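Colleague: Model the following, please.
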Amino acid sequence: MSSNPPSDPSDDIAPDWLSQATALGRKLRALPEPAMRQHALKRALAGISVADAAHLLDAIYQLGAQRDLAVDTQSLIDLLNSDDLSYAYTSSLYEQAKRIQSPIAQMLFSRLTNSEDSDPARSADRELTLGHRKSLARTADRQQLARLLANPEAEVLEILLENPLLTEDDVVLLAARRDGSAELRRLIGQSPRWNRRYRIRRALVLNPSTPLSMGAAMLHFLRRADLRQVTQSGALHQQLRELAADLLQPSDA
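Modeller: This is a model prediction of the structure:
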């Protein structure tokens, strides 16, 4: 009996978005500085509708999960983590991302909940007792999980990381987020269930909030293209960049 081939993330992306995301992602990857990539991505979004932006960003993010495709998903993550997008635009983008069930909706939800202008109804979620939030972390309700993932405390995250409904996309976005304490990144990096996933290791290394010792240990598992990205990121600790350069020696540091 023949087995079915593994599913490809691009199978769910319309061909037009696939080609546009590939072209833009590779264009971003070719720019030498992270700030330049982020600015170029923001400029690309400014020229299209919010609905189209959600499709394009979703395609870039999902293509980034394919190890053989040279697209730059870090610029997307950096932009969604930054304050460069207005609250109104982020709200609209979140609604569109949620409509198409894109993983980037989680990060956008986090930006909205952490914003000073966020809806008071969402802030009420944070007023639940820690015991209640820990109980909800065991839920089989994806909507409740999304709310908890927006602002998880360490005690809540420990439970979330064991929830069977949590996906690799969820954890990649958590690992890439710049807000929150280093302890959250430490818990992800120490999770037996998740710390061997390449995309999660990459997101942790490229996150300045990850403890330096953990990032340095994970450097040895990164591919050369990602090591080069570490050496080019001015947001990362100098020692981490130097270690990445050493791993690239002698041919192409």
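Colleague: Which of the three states applies to the closest residue to Leu108 other than its chain neighbours?
Modeller: Nearest non-adjacent residue to Leu108, counting by C-beta to C-beta, 6 or more residues apart in numbering: Tyr94, 3.9 Å away. In this view, the C-beta of every residue, glycine as well, is placed from N, C-alpha and C. Here Tyr94 is recorded as helix under DSSP: H, G, I helix; E, B strand; the rest coil.
Colleague: Repeat that for Pro208.
Modeller: Following three-state DSSP, Pro208 is assigned to coil.
Colleague: who are the neighbours in contact with it?
Modeller: Arg178, Ala235, Leu236, His237 (C-beta atoms under 8 Å, 6 or more residues apart in numbering).
Colleague: and with 10 Å instead?
Modeller: Arg178, Ala182, Arg185, Gly215, Ser233, Gly234, Ala235, Leu236, His237, Leu240 (C-beta atoms under 10 Å, 6 or more residues apart in numbering).
Colleague: wait, the third one sits on Arg177?
Modeller: So the one you mean is Arg185. Yes. Using C-beta atoms under 10 Å, Arg185 is in contact with Arg177, at 8.7 Å.
Colleague: I'd guessed Ile200 sits against Thr167; true?
Modeller: No. Under the criterion of C-beta under 10 Å, Ile200 is not in contact with Thr167, lying 11.3 Å apart.
Colleague: And those two? Which one has more around it.
Modeller: Between Ile200 and Thr167, counted using other C-beta atoms under 10 Å, Ile200 has the larger neighbour count: 21 against 14.
Colleague: Quick check: which element contains that one?
Modeller: helix 198-205 (DSSP states H and E).
Colleague: From the contact counts, what lies against that helix?
Modeller: Counting by 3 or more C-beta pairs under 10 Å, 6 or more residues apart in numbering; DSSP states H and E, the packing neighbours recorded for helix 198-205 are helix 73-81, helix 168-176, helix 182-189, helix 212-219, helix 224-232.
Colleague: now with 6 Å?
Modeller: Contacts defined by 3 or more C-beta pairs under 6 Å, 6 or more residues apart in numbering; DSSP states H and E place helix 198-205 against helix 168-176, helix 212-219.
Colleague: Of these, which stretch is the most buried?
Modeller: helix 168-176 (a mean of 23; mean count of other C-beta atoms under 10 Å).
Colleague: how far off helix 198-205 does that one point, in degrees?
Modeller: Counting by axes from the mean of the first three to the mean of the last three C-alpha atoms, to 10 degrees, helix 168-176 lies at 10 degrees to helix 198-205.
Colleague: what comes into contact with helix 168-176?
Modeller: For helix 168-176, contacts defined as C-beta atoms under 6 Å, 6 or more residues apart in numbering pick out Ile77, Pro103, Gln106, Met107, Ile188, Trp194, Arg197, Arg199, Ile200, Ala203, Leu204, Asn207.
Colleague: Could you export it as PDB, CA atoms only?
Modeller: This file holds the C-alpha atoms of helix 168-176, laid out as PDB (Å, rounded to 0.1, in the frame of the first residue of the first chain):
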ATOM      1  CA  GLU A 168       4.100  24.600  15.700                       C
ATOM      2  CA  ASP A 169       3.000  27.800  14.100                       C
ATOM      3  CA  ASP A 170       1.700  29.000  17.500                       C
ATOM      4  CA  VAL A 171       5.100  28.200  19.100                       C
ATOM      5  CA  VAL A 172       7.100  29.800  16.300                       C
ATOM      6  CA  LEU A 173       5.200  33.100  16.700                       C
ATOM      7  CA  LEU A 174       5.700  32.900  20.500                       C
ATOM      8  CA  ALA A 175       9.400  32.300  20.100                       C
ATOM      9  CA  ALA A 176       9.700  35.200  17.700                       C
END
